[in-house]
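A.B. asks: no sequence for this one, just the structure:
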């Protein structure tokens, strides 16, 4: 039997056992899985960086690696003021004045969703 087949069989058994867990237990399990995934991703990143440095050294060059952060990335607008399409809001941070005013007038936030 191949490794892939063994893995699928193991996952099928695990999946069946999850059906007996409570919601709290499943939530705890999910948190543990997410932590393990983060660890594996970090290990994978470190391994890839080491490989890049090794390849660079083998051809006599050095490299600097600066992992990208999520900071500074523009988020597309989620809400728009249809009276003034230049006024938009991503849904993050404080609600803009134009939206606060519209909500006070009886409108719903959903009325301004970007389609």
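C.D. replies: Done, it's in. Note that the coordinates shown come from a computational prediction; the quantities given were computed from them, not determined experimentally. Numbers count the residues shown, from 1 in each chain.

A.B. asks: show me where the chain has strands.
C.D. replies: 79-80, 88-89 (DSSP state E).

A.B. asks: which neighbouring elements make contact with the last one?
C.D. replies: Using 3 or more C-beta pairs under 8 Å, 6 or more residues apart in numbering; DSSP states H and E as the contact test, the elements touching strand 88-89 are strand 79-80. Using the backbone N, CA and C atoms, a C-beta is placed for each residue, glycine as well.

A.B. asks: quick one: contacts of the strand it packs on?
C.D. replies: The set of residues external to strand 79-80 that reach it, using C-beta atoms under 8 Å, 6 or more residues apart in numbering, is 87, 88, 89, 90, 91, 99, 109, 112, 113, 114.

A.B. asks: any chance of the strands of the chain in CSV, plus mean neighbour count, distance to residue 73 and mean pLDDT?
C.D. replies: Shown next, in CSV, are those (neighbours: other C-beta atoms under 10 Å; distance: least, C-beta to C-beta, whole Å; pLDDT from 0 to 100):
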stretch, mean neighbour count, distance to residue 73, mean pLDDT
strand 79-80, 19, 18, 94
strand 88-89, 19, 16, 93
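
A.B. asks: how about CSV for the ones you listed, with distance to residue 37 added?
C.D. replies: Shown next, in CSV, are the strands of the chain (distance: least, C-beta to C-beta, whole Å):
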stretch, distance to residue 37
strand 79-80, 32
strand 88-89, 32
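
A.B. asks: among those, which is nearest residue 15?
C.D. replies: strand 79-80 (39.3 Å; C-beta to C-beta).
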